[in-house]
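Student: Got a predicted model here, sequence first, then my questions.
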Amino acid sequence: STGRQLAIGGDLRVHLGWPLLQLHAGTVSFSNPSWARKAQMLTADEVHLSLGIWPLLQRRMVLPQVRLVRPVVFLEQGSAGRKNWLMDREQQDEDARVRVDLLTIDAGTLGYDDALQHTSLLADVSTSGAVAPGAAGAGAVQFVKRLVNGVVGLQEGPPHGHGCFAQGVAKGTADDRPVR
């Protein structure tokens, strides 16, 4: 139990299978812990994911594929070192993260705030295209990739290898103003 609320305001379709369970949900939100600045860690118009059944039976959450449609994701590390992406009640157990092997974001917004490092980021992110090295926003895109990879435990690699950030690079821009 995370102590947080998962709300599904739209349709929920579940496809049972082995070794993966497929879920498709509309209008999804997942709340932040009470110490976080934003009320919601995630909102999305649609969420499509596969869930590993065998790891779940071993009390681990492994999502081989996740596709978020028009999400707003706010990741935060508080001044006490808590991380809102860790699913234990105190948000301090590094083993309590959800593993995502392949993440696809369609027209999303990613916010990140790290009180310890005095870092704030707000970026529009989509994995549907590529940003040329040196293009406006390219540095922010690489930061977003490293941030998301670190949070969900992804590794850099080829599109069909274990643990990669979508099927290309993220495309987006970042603001230098604080996330509020």
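Tutor: Good, I have the coordinates. A quick note: this is a predicted structure, and the numbers were derived from the prediction, not measured. Numbering: from 1, shown residues only.
Student: CA atoms only for stretch 49-59 - export them in PDB, please.
Tutor: C-alpha atoms of stretch 49-59 as PDB (Å, rounded to 0.1, in the frame of the first residue of the first chain):
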ATOM      1  CA  LEU A  49       0.500  -0.800 -20.000                       C
ATOM      2  CA  SER A  50       1.600  -4.400 -19.700                       C
ATOM      3  CA  LEU A  51       2.100  -5.800 -16.200                       C
ATOM      4  CA  GLY A  52       4.500  -8.700 -15.500                       C
ATOM      5  CA  ILE A  53       2.400 -11.300 -13.500                       C
ATOM      6  CA  TRP A  54       5.300 -13.300 -12.200                       C
ATOM      7  CA  PRO A  55       7.200 -10.400 -10.700                       C
ATOM      8  CA  LEU A  56       3.900  -9.200  -9.200                       C
ATOM      9  CA  LEU A  57       3.500 -12.500  -7.400                       C
ATOM     10  CA  GLN A  58       7.000 -11.800  -6.000                       C
ATOM     11  CA  ARG A  59       5.800  -8.400  -4.700                       C
END
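Student: State the mean pLDDT of that stretch.
Tutor: Average pLDDT, stretch 49-59: 94.
Student: tell me which residues in stretch 111-123 are buried?
Tutor: Within stretch 111-123, the residues that qualify as buried are 111, 112, 113, 114, 120, 121, 122, 123, counting by 16 or more other CB atoms under 10 Å. (C-beta placed from N, C-alpha, C; glycine too.)
Student: quick one: it to chain centroid distance?
Tutor: Put simply, stretch 111-123 sits 15 Å off its chain's centre (CA atoms, centre = their mean, to the nearest Å).
Student: What's the end-to-end length of that stretch?
Tutor: When the termini of stretch 111-123 are compared using CA to CA, to the nearest Å, they are 6 Å apart.
Student: host element of residue 64?
Tutor: Here residue 64 sits within strand 62-69, counting by DSSP states H and E.
Student: Where does pLDDT dip in this protein?
Tutor: Across the chain, the ranges flagged by pLDDT under 70 are 128-180.
Student: mind listing the strands for this protein?
Tutor: Secondary structure of the chain by DSSP state E: the strands cover 6-8, 12-15, 20-31, 40-52, 62-69, 72-77, 99-106, 108-114, 119-126, 171-175.
Student: Each with direction, which strands does the second one pair with?
Tutor: Within its sheet, strand 12-15 is paired with strand 20-31 (antiparallel), according to DSSP bridges.
Student: What lies in contact with the strand it pairs with?
Tutor: When contacts are defined by CB atoms under 8 Å, 6 or more residues apart in numbering, strand 20-31 is touched by residues 4-15, 39-53, 64.
Student: Now restrict those residues to buried residues only.
Tutor: Neighbour counting with 16+ other CB under 10 Å marks 4, 40-52, 64 as buried within the contacts of strand 20-31.
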